[in-house]
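When you get a sec, could you give me coordinates for this:
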Amino acid sequence: LGCKACRPSTPASIMAGINCGTPSSQSWPLLRDGVDAFVAVDDEQARVAMRWLAAEGVVSGESGAAGLAGLIELVTGAGSAEVRRALGVTQETVALVISTEGATDPEGYRRICGTTPPKPLSGRPGPRRSGGQ
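Numbers count the residues shown, from 1 in each chain. You can find the predicted model right below:
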C-alpha cells in the first residue's frame, strides 16, 4: 500500500490511453496524498476484464477495462487478502467500476473478445421530449 515502492516506467501496453509512467507533477501530490492504494494490471488482465464486460453486454476498450482488471486483482491477486483487510474491503463492500472508453481499436476488440463491436452512436442528441419525460 502507498507509493514508496512506486517507480515510474512506461512499458509497451495495449492500454495506450492510460500508459503513463510519469504522472503529472500537478496531479501527483493529490493522488499520492488522497489515494489509499494503487494497483497495477498487465495486458492479459485487461483482456480478461474486456471479456467479462463483453459477456455482460458492455463494450469496453483496453484502458476502459483496466478498472475492472484492478478490482479483479484486488479480489483474487497474490497478497490480495492482506490488501483487502488493510482497505477494509469485505464481502459486503460495493464496488463501482467505470469504463472510460469503448472499442477505440475495433480490430483489437474483435481479436480479444471474439466479436465485432457495435458501431458507435452518431453523437447527435435524440429527440427532445416535453413534459419532463
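
mind checking the longest helix of the protein?
helix 43-55 (DSSP state H).

Quick check: next helix or strand after it?
helix 66-76 (DSSP states H and E).

send the alpha carbons of that following helix over as CSV?
Only the C-alpha atoms of helix 66-76 are listed here, as CSV (Å, rounded to 0.1, in the frame of the first residue of the first chain):
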residue,chain,number,x,y,z
ALA,A,66,-8.4,-1.6,-16.5
GLY,A,67,-10.6,-0.6,-13.6
LEU,A,68,-12.4,-3.9,-13.6
ALA,A,69,-9.0,-5.6,-14.0
GLY,A,70,-7.8,-3.8,-10.9
LEU,A,71,-10.9,-4.9,-9.0
ILE,A,72,-10.3,-8.5,-10.1
GLU,A,73,-6.7,-8.2,-8.9
LEU,A,74,-7.9,-6.8,-5.5
VAL,A,75,-10.2,-9.8,-5.1
THR,A,76,-8.1,-12.6,-6.5
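
can you state the direction angle for that helix and helix 43-55?
Orientation of helix 66-76 against helix 43-55 (axes from the mean of the first three to the mean of the last three C-alpha atoms, to 10 degrees) gives an angle of 100 degrees.
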